[in-house]
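Colleague: Could you look at this predicted model? Sequence included:
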Amino acid sequence: MMNITPVVKQLLIINIIFFIGSQLVPVSYDLFALYYPESDNFKVWQLITHMFMHAPFPNVAHILFNMFALYSFGSALEHFWGGKKFIFFYISCGLGAALLHTGVNYFEIHSLLSEVSSLNLSNSEIHQLLNADYSTLFDERGKMLPGEINSILERVHCTQGQFNTIVNASMLSKGVVVGASGAIYGLLVAFAFMFPNAELALIFIPIPIKAKYFVPGILAVDLFLGFKGQSIFGAGSTGIAHFAHIGGALTGYVMMWYWKKNQFNKNRWN
């Protein structure tokens, strides 16, 4: 068993501190989880901090699996790369995961909004509608209460079908991403690049499989399950985090391809 390397050790400590702290101060999820950029809760630092947040207790499997994978694959990579190159790769994959997830969300949300383009909503009105809390807008009889949202919808003569589309877009925009999974997927790809014949196995796959087959397979299965609202490595609280996983994997692949092409992957950075 390989000894834990310095940067991996520091990342493990940071993730554990974030996890414990977020249980003691639940509002930290609003500050550090990754929100959709058009959400009132979005902050630019969430592009980094989300990868140190994990699903809240009692769901400890999310952080345990990610930290085990970080130790297992990260230590091997840091050993060969050095700490600076490893942390650069790790953070880059986490950012790639966030960007692809956000891009897919943007496409889905604005595809829905294009279905109600005939309402001629202004940008500020769209922002209000996306950020509205629809659970508080109706009385006990199901009638919408007077207010800004009601005024907007009445002004544009919004139909029930159009209203349902707007609510669906709003729900998508309120989804959040937490977890190191995107960065971990990047590590998996890098490991398969560097050690293609290493045999890997998970609890539910008792037969060892070479990394060059295991990693593409696990990506394909995770993507398939992601479209069904599930995920192998933990979907956080979004239900569509498979695109974050694939984003991390794609970023890792591009970086490894570039380093191999330029022979940078043979050099330590420290």
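Modeller: It's in. Computed from a predicted structure; not experimentally measured.

Colleague: And the helix or strand where residue 113 lies, what does it pack against?
Modeller: Under the criterion of DSSP states H and E, residue 113 resides in helix 83-114. With contacts taken as 3 or more CB pairs under 8 Å, 6 or more residues apart in numbering; DSSP states H and E, helix 83-114 sits against helix 6-24, strand 34-35, helix 46-49, helix 75-81, helix 160-173, helix 181-194, helix 242-262. To be clear about C-beta, it is placed using only N, CA and C from the backbone, and glycine gets the same treatment.

Colleague: relative to helix 160-173, how tilted is it?
Modeller: Calculated by axes from the mean of the first three to the mean of the last three CA atoms, to 10 degrees, helix 83-114 forms an angle of 170 degrees with helix 160-173.

Colleague: Tell me the buried residues in helix 83-114?
Modeller: Going by neighbour count (16 or more other CB atoms under 10 Å), the buried part of helix 83-114 is 83, 85-87, 89-98, 100-102, 104-105, 108-109, 112-113.

Colleague: Equivalent analysis for stretch 188-198, please.
Modeller: For stretch 188-198, the neighbour count (16+ other CB under 10 Å) marks 188, 189, 190, 191, 192, 193, 194, 195, 198 as buried.

Colleague: tell me the two of those residues that are most distant?
Modeller: Largest separation among the buried residues of stretch 188-198 by CB to CB: 189 and 198, giving 13.3 Å.

Colleague: Export the helices and strands packed on helix 83-114 as JSON lines, with columns for distance to residue 148 and mean pLDDT.
Modeller: JSON lines is the format used below for the helices and strands packed on helix 83-114 (distance: least, CB to CB, whole Å; pLDDT from 0 to 100):
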{"stretch": "helix 6-24", "distance to residue 148": "32", "mean pLDDT": "96"}
{"stretch": "strand 34-35", "distance to residue 148": "21", "mean pLDDT": "96"}
{"stretch": "helix 46-49", "distance to residue 148": "27", "mean pLDDT": "96"}
{"stretch": "helix 75-81", "distance to residue 148": "51", "mean pLDDT": "93"}
{"stretch": "helix 160-173", "distance to residue 148": "14", "mean pLDDT": "93"}
{"stretch": "helix 181-194", "distance to residue 148": "36", "mean pLDDT": "93"}
{"stretch": "helix 242-262", "distance to residue 148": "32", "mean pLDDT": "89"}
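
Colleague: Export these as TSV, with columns for distance to residue 117.
Modeller: Conversion of the helices and strands packed on helix 83-114 to TSV gives the following (distance: least, CB to CB, whole Å):
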stretch	distance to residue 117
helix 6-24	39
strand 34-35	25
helix 46-49	29
helix 75-81	47
helix 160-173	10
helix 181-194	32
helix 242-262	25
